[in-house]
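**Q** Predicted model and sequence below, questions to follow.
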Amino acid sequence: MNLSSPSQVKAWCAENGFRPNKTLGQNFLVDRNTLSAIADAAFEGLGDPTGKRVLEVGPGLGALTEQLLARGAVVTAVEKDPVLAERLWKALGSPPSLETVAGDALAFVERGCRGKEFDIMASNLPYQCGTRILIELASSRRIPSMTVMVQTEVAERLAAREGSKTRGLAGVLAQLDYDVKILRKVPPTCFWPRPSVGSSVVRLDRHFRNEWLGDEGRKMFRTIVRRAFAQRRKQLGNSLKDLVKSTARAEELSNEEWVNLTKGLMEHEDT
């Protein structure tokens, strides 16, 4: 089956009595150019992709998986839908470089990816839980580079800088340890079934500017940022009145300023 052919994907679903599940975010990417672009972007700057260990969340029918394998990668694909999980390995020719994990991807990530190490993540993330999965992985700092497809609204929040209307908790948490860049927008016509919103490809690359924070510093960082954005219309002096005095609002602070605020609170606790 040509996984980038909408007619063939529809035919397979009809023949097998399979209906894409909206709850699981099953909108299959069926545009070959976009699939190839995601795979190329995932490996860009990382040298020869042969043997690179890749985590893929929500492989669906395996269109992106096929692209990753074709470049010589070793792929661990986590699929929640039991029908698709059972089908994937054999449907792609039983490749020795593919491992299929049947189950919930968020649980897989929260449990430390079963101790597996990955060089990159490349995924067309499920709409419903994609942000949570991505933030969990970013917080764990397990994967050096992540190239994913998400809703455009989510991509803009992840990449938003201080002062932006789209600046929010997800972006601040992701940018603590990753540089975030939107690579391209993908229209709904590239999917089947066609979603009601546009999508974007975003890449997160690990940086080490805040390595000195350590686990305790990161815990404090997440605590104060979450408290501030829970009451984002309030000035920080009101939302964090027991921690800081400021007339700024949460979305106005850069990540560097959030880190400096965390540093000041850590030093205060030590005195």
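**A** Now that the structure is in, tell me what you want to look at. Worth saying up front: this structure is predicted, and the values here are computed from it rather than measured. Numbers count the residues shown, from 1 in each chain.

**Q** From now on I want contacts and neighbour counts done on CA atoms only, so please keep to that.
**A** Fine.

**Q** Next SSE downstream of the helix or strand where residue 106 lies?
**A** Here residue 106, judged by DSSP states H and E, is contained in helix 105-110. For helix 105-110, the following helix or strand on the C-terminal side (DSSP H and E) is strand 120-124.

**Q** can you state the direction angle for the next helix-or-strand element following that next one and strand 120-124?
**A** Downstream of strand 120-124, the next assigned helix or strand under DSSP H and E is helix 130-140. In terms of direction (axes from the mean of the first three to the mean of the last three CA atoms, to 10 degrees), helix 130-140 departs from strand 120-124 by 170 degrees.

**Q** what does the next helix or strand along the chain from helix 130-140 contact?
**A** Using DSSP H and E, the helix or strand that follows helix 130-140 towards the C-terminus is strand 145-151. Residues from elsewhere that reach strand 145-151, judged by CA atoms under 8 Å, 6 or more residues apart in numbering: 38, 41-42, 119-127, 130, 197-206.

**Q** Let's see the helix or strand following strand 145-151 as CSV, backbone CA atoms only.
**A** From strand 145-151 onward toward the C-terminus, using DSSP H and E, the following helix or strand is helix 152-159. Provided in CSV are the C-alpha atoms of helix 152-159 (Å, rounded to 0.1, in the frame of the first residue of the first chain):
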residue,chain,number,x,y,z
THR,A,152,-0.2,25.4,14.5
GLU,A,153,-1.6,26.9,17.6
VAL,A,154,0.5,24.6,19.7
ALA,A,155,3.6,25.2,17.6
GLU,A,156,3.2,29.0,18.0
ARG,A,157,2.8,28.6,21.8
LEU,A,158,5.9,26.4,22.0
ALA,A,159,8.1,28.9,20.1
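
**Q** Tell me which other helices or strands helix 152-159 touches.
**A** For helix 152-159, the packing partners by 3 or more CA pairs under 8 Å, 6 or more residues apart in numbering; DSSP states H and E come out as helix 169-175, strand 178-186, strand 199-206.

**Q** redo that, cut-off 10 Å
**A** helix 130-140, strand 145-151, helix 169-175, strand 178-186, strand 199-206 (3 or more CA pairs under 10 Å, 6 or more residues apart in numbering; DSSP states H and E).

**Q** And the ones you listed: which comes nearest residue 269?
**A** Nearest to residue 269 among the helices and strands packed on helix 152-159 is helix 169-175; the distance by CA to CA comes to 22.5 Å.
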